[in-house]
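In: need a 3D model of the sequence below.
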Amino acid sequence: MGSIDRYIFRTTLASFALILVSLTGVIWITQALRGIDLMTSQGQTIITFLGITSLVIPALVLIIAPIALMIAISHTLNKLATDSEIIVMNAAGFSPFRLFRPFLYATCVVAIMVAFIASYLAPDGMRRIKQWDAEITADVLTNILQPGRFAQLDQNLTIRIRERQPGGVLAGIFVDDRRDPKERVTIIADHGTILRNESGSYLVLEDGNLQRFEAGKRDPALVAFGRYAFDMSKFSNHGRDVTLGIRERYIWELLQPSAEDPVYQQLPGQFRAELHDRFMAPIYPFAFAALTFAFLGTPRTTRQSRNFSIGGSILAVFGLRMAGFACSVMTVKSPLAAVFQYLMLVVAIGGGLAMILAGIVVEPPAALMEAINRTNERILRLFGRPVTA
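Out: Numbering: from 1, shown residues only. From the prediction side, this is the model:
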């Protein structure tokens, strides 16, 4: 790699890193705000909140990285064109494809990163989120029951505690249980503790009374107790296996799913669509790089506008990505949609390389430019400004 290649390679990757971090940070903040209830309703710490929400970053990078690469290549080419470096390199004998080579090196780095994220890092982060969420749910008695709050654990079950005391003692416990349509149970206890064993999770209440209203009876039944165990196993995932979704599977698990997997038996089409998405993820950077360079990489004079080429590259890249999303959805029902998506990427890469090798300069048609100029003249006359020759 020559000095020019290293200069362009470093500039492109530096711009890519900056854009990737910026875009991922903005989108991550919007996603993290949705999980703010971890600290409010479930009483988690800021460390737990940041830990869980940060695990989604690899999945965000998987989508953002090709777009960040496209923006980085556009920025680098615009910088080279503004400083007339593309013109100088072209005069020195650099062909457009020769100039594309350092961008291709940068694209290979991005593609390798995306392939690793798609095959391992993103699904690993998603399954860690699910496992962490299961642990929080398993500890529901510790985290959701906050002093002074009425916690509705089920549609017809409400629990409140007055305060937490040292040693895990819960003071001032109120339970309103209406899950059984034939009776309503209200429990008030002076204090209680949490007990977990092989049988499940229990809220052990001490020194209280139980009031039971049975359907068809006028007076409630009152019972004073010294010790009473309230079963809370239904609201705990402790000891249960976490069922992994499709996005939480590693790529080798998608390649050879177990025939006895209940998720695979129920959603084989989504397994197929997710597998093809993982395969195509590292191909998108090459398609985006080829299209972007095809529109912006050819030498131009300072009098030639690049606005049309920039707009064309943006439309081409985003049109390709939106078509890819549509094909992914259709792949669930039809395997031919995946074949069409592969062909679409091959055509995009081949078309971009053909334009680069031929040195085609993407410019707006002369008739379009004349129409735009006439429109501008009419607008200027409308506002009473003189039209310059």
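
In: what segments of the stretch 151-300 of the chain are helices?
Out: Counting by DSSP state H, counting those that start in this stretch, one finds helices in the stretch 151-300 of the chain at the ranges 251-255, 262-266, 268-280, 284-296.

In: can you map out the helices along the stretch 1-150 of the chain?
Out: Going by DSSP H, counting those that start in this stretch, the stretch 1-150 of the chain shows helices at 3-32, 37-40, 46-54, 57-82, 85-91, 96-116, 122-138, 140-143.

In: export those to CSV and tack on mean neighbour count and mean pLDDT?
Out: All C-beta spots, glycine's among them, are computed from the backbone N, C-alpha and C. Shown next, in CSV, are those (neighbours: other CB atoms under 10 Å; pLDDT from 0 to 100):
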stretch, mean neighbour count, mean pLDDT
helix 3-32, 16, 87
helix 37-40, 14, 52
helix 46-54, 15, 71
helix 57-82, 21, 89
helix 85-91, 16, 78
helix 96-116, 19, 90
helix 122-138, 18, 75
helix 140-143, 18, 57
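
In: so which of those helices is nearest G269?
Out: helix 122-138 (18.5 Å; CB to CB).

In: packed most tightly, which of the helices of the stretch 151-300 of the chain would that be?
Out: Greatest average neighbour count among the helices of the stretch 151-300 of the chain goes to helix 284-296 (a mean of 26), per mean count of other CB atoms under 10 Å.

In: just the angle between that one and helix 57-82, please?
Out: Using axes from the mean of the first three to the mean of the last three CA atoms, to 10 degrees, the direction of helix 284-296 lies 20 degrees away from that of helix 57-82.

In: alpha carbons of stretch 185-201, as PDB, please.
Out: Taking Å, rounded to 0.1, in the frame of the first residue of the first chain, the C-alpha atoms of stretch 185-201 are listed here in PDB:
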ATOM      1  CA  VAL A 185     -58.400 -12.100  49.800                       C
ATOM      2  CA  THR A 186     -56.900  -9.100  51.700                       C
ATOM      3  CA  ILE A 187     -53.800  -9.600  53.900                       C
ATOM      4  CA  ILE A 188     -52.200  -7.200  56.200                       C
ATOM      5  CA  ALA A 189     -49.000  -8.200  58.000                       C
ATOM      6  CA  ASP A 190     -46.700  -6.400  60.400                       C
ATOM      7  CA  HIS A 191     -43.600  -7.700  58.600                       C
ATOM      8  CA  GLY A 192     -42.300 -10.500  56.300                       C
ATOM      9  CA  THR A 193     -39.400 -12.000  54.500                       C
ATOM     10  CA  ILE A 194     -38.600 -13.500  51.200                       C
ATOM     11  CA  LEU A 195     -38.000 -17.300  51.000                       C
ATOM     12  CA  ARG A 196     -36.700 -19.100  48.000                       C
ATOM     13  CA  ASN A 197     -36.300 -22.900  47.800                       C
ATOM     14  CA  GLU A 198     -36.700 -25.700  45.300                       C
ATOM     15  CA  SER A 199     -40.400 -25.400  45.500                       C
ATOM     16  CA  GLY A 200     -40.500 -21.800  44.400                       C
ATOM     17  CA  SER A 201     -40.600 -18.300  45.800                       C
END
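
In: so how far is that stretch off the chain centroid?
Out: 39 Å (CA atoms, centre = their mean, to the nearest Å).

In: before we move on, the earlier item: just put the helices of the stretch 1-150 of the chain in CSV and tack on distance to R321.
Out: Compiled in CSV, the helices of the stretch 1-150 of the chain are given as follows (distance: least, CB to CB, whole Å):
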stretch, distance to R321
helix 3-32, 14
helix 37-40, 32
helix 46-54, 25
helix 57-82, 8
helix 85-91, 27
helix 96-116, 13
helix 122-138, 17
helix 140-143, 40
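
In: from A316, how far off is the residue nearest to G352 when sequence neighbours are not counted?
Out: Once flanking residues are discounted, G352 sits nearest to A290: 2.9 Å by CB to CB, 6 or more residues apart in numbering. According to CB to CB, to the nearest Å, A290 and A316 sit 10 Å apart.
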